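> How does the following fold in three dimensions:
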Amino acid sequence: MTEYTWPDGVDDPTAEDIRHAWPTTVNALPIGTAVTGKAIGRQPFGVFVRIDGVPKALGLAEIFAAPAGTVPPPLGFTINGTVVAHADHNCQVRLRLTDWGGKSAPLPLEPNERLADREALSGFLRLLRQDYEASGDQWENRTLDSFLEALEAWVADAPGWYANHGQELPREGDWAFMARALSAARFYE
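I've put the predicted structure just below:
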């Protein structure tokens with residue numbers, strides 16, 4: 001991806017607007033609500049969305065929840081998705097997009113998803129490899145050295161990722177945790 005940008009357009013809500021309107025936003029967009037909107041910011045970790053009908057809301061769809069081979073859609077892209085969480089600490093509406101602008105098999109990366117066994121992890125790794133073959137030039141961490149450095153950092157910071165999604169890091173670990181960690185290493189800084 002070559003174009004990273006934060007939301008800062010004339011029509012985009014300011015941080016103060018978003019904080020002030022947060023209680024109204026949460027009431028207007030309960031978990032499970034279908035939404036539409038426009039991509040107003042792109043980062044390696046996902047896309048920021050101006051949500052239609054709620055002008056002071058800021059949505060975030062994380063790349064971790066995207067299908068294999070996905071990069072954040074371009075600015076102005078019309079999105080469709082579902083509200084999956086509210087991040088009170090930064091007043092963001094977490095979204096799961098139904099269309100990232102491409103077609104691929106989904107990777108199991110939602111915080112509450114689990115991989116059942118070793119075979120499921122193996123299948124995930126196959127999809128991750130196919131993602132690299134199809135769009136590795138768009139990964140933030142393309143060399144083994146930078147990938148492993150990002151993997152180490154994401155695993156160390158994983159409790160914060162889970163907390164941001166209203167979950168606790170699984171004590172016993174699970175196959176999906178490892179899949180999330182490997183996937184995150186593509187873009188994590």
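> can we go C-alpha only for contacts and neighbour counts from here?
Fine.
> For the residue nearest the centre of the chain, which residues are in contact?
Nearest residue to the geometric centre of the chain (C-alpha atoms, centre = their mean): Glu62, 1.0 Å. For Glu62, the contacting residues are Phe45, Gly46, Val47, Arg94, Leu95, Arg96, by C-alpha atoms under 8 Å, 6 or more residues apart in numbering.
> Make sure the fifth one is indeed in a strand.
Looking back up the chat, that one is Leu95. Yes: the assignment for Leu95 by DSSP: H, G, I helix; E, B strand; the rest coil puts it in a strand.
> can you pull the pLDDT of it?
For Leu95, the pLDDT comes out at 92.
> What about it, how many residues nearby?
Counted with other C-alpha atoms under 10 Å, the neighbours of Leu95 add up to 27.
> measure it to Leu75 for me?
Here the criterion is C-alpha to C-alpha, to the nearest Å. By it, Leu95 lies 16 Å from Leu75.
> Gln138 now?
16 Å.
> Ok, Ala134 next?
To Leu75, Ala134 is 22 Å away according to C-alpha to C-alpha.
> more crowded one of those two?
When Ala134 and Leu75 are compared for neighbours, Leu75 comes out ahead with 18 against 13, by other C-alpha under 10 Å.
> That one: what secondary structure?
Relying on three-state DSSP, one would call Leu75 coil.
> how about the closest residue to it other than its chain neighbours, secondary structure?
Computed as C-alpha to C-alpha, 6 or more residues apart in numbering, the closest residue to Leu75 that is not its neighbour in sequence is Ala39, at 5.0 Å. Assigned by three-state DSSP, the conformation of Ala39 is strand.
> who's in contact with Ala39?
Ala39 neighbours (C-alpha under 8 Å, 6+ apart): Val47, Phe48, Val49, Arg50, Pro73, Pro74, Leu75, Gly76, Phe77, Thr78, Ile79.
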